[in-house]
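Student: Kindly generate the corresponding structure for this input.
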Amino acid sequence: MAFATGLVAEFQEEAICPICLDHMTDPVTIACEHNFCPSCILQRWEGLQGTFPCPVCLHHCPDRSLKRNPQLCHVMETVQQFPTMKVKRKRQEEPLCKKHHEVLTLFCEKDLELLCAQCRVSPDHGDHPLMPTEEAAATHRRKLKSCIVSFSKQIKDTENRSEMQVLKCFELRQKIENQKDELQTEFKQLKHFLEKKQMETLTSFLIEETKIQEKLIEEKNQISNHSSILNSLLSDIISKCLQTDVDLLAGIKSIYNSYENLETPSIFLYELKEESFELPPYLGLHKIICTFHVDLTLDPETAHPSLYILRDRKSVAYRTSFGRHNLQAPTSCAAVLCSEGFDSGRHFWQVEVGGTGMWSLGVCKESLPRHALMSPFPVNGCWKLQLWANTSVTCRSVNWERIGIFLDYELGEVSFYNLRKRSHLYTFSESFTEKLMPYFCLGPSSKSLVMRIAKDE
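Tutor: Next comes the predicted model:
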């Protein structure tokens, strides 16, 4: 009989929900193969996101999937035939007070401890707020669920911060690599410049040394000839002194003529000139581009009527035909200004030129006459570089000339650079007193020419 009772007890234990400690109703199985009442497990997982821990083994289930267990449902029908065993089993698993050995039915909110009925009248908890265990469990379950949401958010924020740190670390490494590449490029340019300058200087020294040696050899020959003449004249004078009075006087005139007409060779004097050089201004060009680059747009209101401004206001070319004259067009040249102007600071922009014809780039005063007949020059407030282009106009920018313009307003300089060759072209020096506008001009024979404001390299 005792053996049969044990089997029933073991059989009944399998039918108890680990959460509510009662017979499972319509039992379901989760990913770790533990069984629960569907309402119990769903209530336990309420408010959770991402992973869902098993209340028994703490295995993290990937989702809320519940699999109904038909076999266990059939077992439940059999278990329900043993109501007394159910009550007994439930009573056995209820925790008891260690001091009074009674069922723990109360919870102290101040000390956060489980109490029995006798503990309630104890002086230790006499004035403390007490709650029934079910009500206290529900209250603290809600608090814990709110903590779960808070901690889940903190974990997500921490993960995001970690990802941002990784991204920042990657960006920092990328910046360091870019700086290393820039430094290597500048070092290569400097090395190339120094090697070229060294070769030019050594060649100059060699040419100068050859010229000096030739002069010194020539002077040495002259001195040698002069010395021979002097020795010969000295020998003649000594011989004359040993002759008789009549013989001496007879030839004295030729001796005096030779002595008086004797020319002393000129002394070769030479001062070695000191060689010096300056570092090229374009070595720091990349840093200038990165630091002072500005984005410009062309101003159609200032465009000559023969010019066509594209919709993005970055490119200008000749119109195939043009109509009404624009009284605001800058000078009689086919020119256009930018919408942006500068009255302080440092600014750098790039322009690409493609096609064939004469073109000009630079800056001009904002007050430059719009329809004057005079040509724009520094004397009337326009500082520009004028060149001839002969390139093919294709979508590939490598076929275009690329010119960089650097304006240092306070220093009073406008510098031009050939960005394809990384070379300095020319620098204007002036004292600027008013707002300057970027200036673009197409020459009269530039019908196929296109100029466009380029982005940073």
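Student: Report all helices and strands that whichever strand or helix holds L202 contacts.
Tutor: Per DSSP states H and E, L202 falls inside helix 133-241. Packing partners of helix 133-241 (3 or more CB pairs under 8 Å, 6 or more residues apart in numbering; DSSP states H and E): strand 106-108, helix 245-250, helix 252-260, helix 285-292. (Glycine included, C-beta is placed from N, CA and C.)
Student: now the last one: mean pLDDT?
Tutor: When the per-residue pLDDT values of helix 285-292 are averaged, the result is 75.
Student: what pairs with the helix or strand that that helix is followed by, and is each one parallel or antiparallel?
Tutor: Once helix 285-292 ends, the next helix or strand along the chain (criterion: DSSP H and E) is strand 307-309. Partners of strand 307-309 in the sheet, by DSSP bridges, are strand 315-318 (antiparallel).
Student: quick one: average confidence on the partner strand?
Tutor: pLDDT averaged over strand 315-318 gives 88.
Student: Okay, now the sheet partners of the helix or strand following it, with direction.
Tutor: Sequence order places strand 334-337 as the next helix or strand after strand 315-318, per DSSP H and E. Using DSSP bridges, the strands paired with strand 334-337 are strand 436-442 (antiparallel).
Student: List the contacts of the partner strand.
Tutor: 296, 298, 307, 316-318, 330, 333-338, 340-343, 349, 351, 357-366, 368, 376, 382, 384, 405, 407, 409, 449, 451 (CB atoms under 8 Å, 6 or more residues apart in numbering).
Student: Paired strands for the strand or helix carrying R402, with orientation please.
Tutor: For R402, the element it lies in under DSSP H and E is strand 401-408. Counting by DSSP bridges, the strands paired with strand 401-408 are strand 346-365 (antiparallel), strand 413-418 (antiparallel).
Student: Let's have the ones you listed in JSON lines, adding distance to Y439.
Tutor: Shown next, in JSON lines, are the strands paired with strand 401-408 (distance: least, CB to CB, whole Å):
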{"stretch": "strand 346-365", "distance to Y439": "4"}
{"stretch": "strand 413-418", "distance to Y439": "10"}
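Student: and N225, which of those strands is closest to it?
Tutor: strand 413-418 (56.3 Å; CB to CB).
Student: That closest one vs helix 285-292, what angle?
Tutor: 120 degrees (axes from the mean of the first three to the mean of the last three CA atoms, to 10 degrees).
Student: Mean confidence (pLDDT) on strand 413-418, please.
Tutor: Strand 413-418 shows a mean pLDDT of 92.
Student: And the contacts of the helix or strand following it?
Tutor: In the C-terminal direction, the helix or strand that comes right after strand 413-418 (DSSP H and E) is strand 423-429. Defining contact as CB under 8 Å, 6+ apart, one finds that strand 423-429 is touched by 280-282, 362, 378, 383, 385, 403, 412-418.
Student: If any of those residues are buried, put those into a PyMOL selection.
Tutor: To isolate the buried members of these in PyMOL, using 16 or more other CB atoms under 10 Å:
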select buried, resi 280+282+362+383+385+403+413+414+415+416+417
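Student: what's the farthest-apart pair in the contacts of strand 423-429?
Tutor: Using CB to CB for every pair in the contacts of strand 423-429, the one that comes out farthest apart is P280 and P378, at 24.1 Å.
Student: mind checking which helix or strand of the protein has the lowest mean pLDDT?
Tutor: Least confident helix or strand of the chain, by mean pLDDT, DSSP states H and E, is helix 83-93 with a mean of 47.
Student: circling back to that earlier point, now restrict the contacts of strand 436-442 to buried residues only.
Tutor: The buried subset of those - by 16+ other CB under 10 Å - is 296, 298, 307, 316-318, 330, 333-338, 341-342, 349, 351, 357, 359-365, 368, 376, 382, 384, 405, 407, 409, 449, 451.
Student: need the contact list for the residue lying closest to D408 once chain neighbours are set aside.
Tutor: Nearest residue to D408 in three dimensions, chain neighbours excluded: R346, at 5.1 Å (CB to CB, 6 or more residues apart in numbering). With contacts defined as CB under 8 Å, 6+ apart, R346 is in contact with I288, T291, F292, F406, L407, D408, Y409.
Student: and which of those is nearest P444?
Tutor: For the contacts of R346, the nearest to P444 is L407 (27.0 Å; CB to CB).
Student: Contacts only, for the closest one.
Tutor: Counted by CB under 8 Å, 6+ apart, L407 has contacts F342, R346, H347, F348, V363, E413, V414, L436.
Student: what's the spacing between S431 and Q49?
Tutor: Using CB to CB, to the nearest Å, S431 is found at 68 Å from Q49.
Student: Looking at the two, which one has more neighbours?
Tutor: Q49 (11 against 6; other CB atoms under 10 Å).
Student: ok, the more buried one touching S152?
Tutor: Yes. The pair formed by Q49 and S152 meets the contact definition of CB atoms under 8 Å, at 5.9 Å.
Student: What residues sit buried inside stretch 436-451?
Tutor: L436, M437, P438, Y439, F440, C441, L442, G443, S446, L449, V450, M451.
Student: Name the residues linked to the fifth one by a beta bridge.
Tutor: When assigned by DSSP bridges, F440 has beta-bridge partners V336, L361.
Student: Give me the pLDDT value at it.
Tutor: So, for F440, pLDDT stands at 93.
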